[in-house]
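Novice: Got a sequence here, can you model it:
(one chain, ligands or ions: 3)
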Amino acid sequence: MSAPRVLRTAAGLSEAITDALAAKAAGGTGDPAPSLGLVPTMGALHQGHRALVDAARAANDVVVASVFVNPLQFNDPEDLHRYPRTLEADLKLLGDAGADLVFAPSEAEVYPDGPPLVRIHSGELGSRYEGRFRPGHFDGVLTVVAKLLHYAQPTLPARYRAYFGQKDAQQLALIRRMVMDLDFRAEIVGVPVVRGTDGLAESSRNVFLDAEHRRAATVLPQALFALQDQARAGVPLDLAAAVARVQAEPHVDLDYFDIVDPQTLQPLVMDGQPLRRPALALLAARVGPVRLIDNLPLDPAAG
Ligand SMILES: Nc1ncnc2c1ncn2[C@@H]1O[C@H](COP(=O)(O)OP(=O)(O)OP(=O)(O)O)[C@@H](O)[C@H]1O
Ligand SMILES: CC(C)(CO)[C@@H](O)C(=O)[O-]
Ligand code: BAL
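Specialist: Numbers count the residues shown, from 1 in each chain. Ligands and ions are numbered 1, 2, ... in the order given. All right, here's what the predicted structure looks like:
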């Protein structure tokens, strides 16, 4: 695959998108409008990101990925400072995956006057789970996603889709709400979690796990899959046993583990009954130097 074109400014990105869509429209087969797929990332790309680009490539004429470590969503300066930055390798992965354009702006391009005074407020949905452990995180995520959706918005008639991983389930639910509540034009597409052969969800921060911590971290997907098996078997979910299993692993400190509604992330009350509706098991834990999140859909109908 050829190397994608890298754009550093929002104006340059908009122009490149217009040119690429116009070229598709001119060479098209009479379809009403070409389509654009946007894949926002913070770089340090892995197979999880690759799945987002693959999904965007399969469904759209033009694919844009963004690589921007957004300072606004980090509540911990140390986490921001050490976040892995690997642009050269990222461009190679994006080229191999067939992305056409890569938007890699500076902080000054996105926040020319420093941190913005006006931000998207993530509300009650943004204050639970990840929001409780990372205050301000989702306001920062939604603010930068709003900006990215504006920058890439097609100026010609075009379908417009944006791709996000289900690994960040609360983020995905919030972005869907923002797009609905604030009338953004983009369709939001969620892509299933990609896991390593040991079951651990791919994450840019996994590079900080040594072998012992990585082994310990596999208790997280194991506990989630046990709940999924129970949902499919039609037996009551034993959340307490799943929590105890994680807590028995000495290297793992659990922040939360709950069973929630997939859209609202409201906790579900089980009453010792089998699950009768789709739900999501959701957790976060600190493993050695890293904080990990993971989740798994629970669907009784899939049994
Ligand atoms: N394992 C995965 N499977 C599917 N999508 C993923 C996976 N990991 C990340 N993504 C998605 O990729 C997009 C960019 O995520 P991001 O750049 O923050 O990577 P990350 O691996 O989640 O990093 P970290 O968790 O360390 O912040 C998000 O939409 C995220 O949900
Ligand atoms: C959506 C996102 C790129 C916004 O910075 C980030 O939160 C992420 O990588 O999940
Ligand atoms: N994938 C979520 C980005 C973050 O952890 O800040």
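
Novice: where in the chain is pLDDT low?
Specialist: Scanning the chain for pLDDT under 70 picks out 1, 28-31, 303.

Novice: Would you map out the domains in it?
Specialist: What automatic domain parsing lists as the domains of the chain is 5-191, 204-294.

Novice: Quick one: those domains as TSV, columns for mean neighbour count and distance to Ala302 too.
Specialist: To be clear about C-beta, it is placed using only N, CA and C from the backbone, and glycine gets the same treatment. Converted to TSV, the domains of the chain look like this (neighbours: other CB atoms under 10 Å; distance: least, CB to CB, whole Å):
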stretch	mean neighbour count	distance to Ala302
domain 5-191	18	15
domain 204-294	17	6
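
Novice: With Pro300 as the reference, name the closest of those.
Specialist: With CB to CB as the criterion, Pro300 lies closest to domain 204-294 of those, at 5.0 Å.

Novice: Now tabulate the domains of the chain in TSV and tack on distance to ligand 2.
Specialist: Shown next, in TSV, are the domains of the chain (distance: least, CB to the nearest ligand atom, whole Å):
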stretch	distance to ligand 2
domain 5-191	4
domain 204-294	8
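
Novice: so which of those domains comes closest to ligand 3?
Specialist: In terms of CB to the nearest ligand atom, the element of the domains of the chain nearest to ligand 3 is domain 5-191, at 4.6 Å.

Novice: can you give me the end-to-end distance of the closest one?
Specialist: 25 Å (CA to CA, to the nearest Å).

Novice: Report the distance from that domain to the chain centre.
Specialist: How far domain 5-191 lies from its chain's middle: 10 Å, per CA atoms, centre = their mean, to the nearest Å.

Novice: 19 is where my numbering starts, stick with that
Specialist: From this message on, residue numbering opens at 19, which makes the last subject domain 23-209.

Novice: Just want the residue of the stretch 69-218 of the chain that's nearest ligand 1.
Specialist: As assessed by CB to the nearest ligand atom, ligand 1 sits closest to Gly183 within the stretch 69-218 of the chain, at 2.2 Å.

Novice: Lovely, talk soon.
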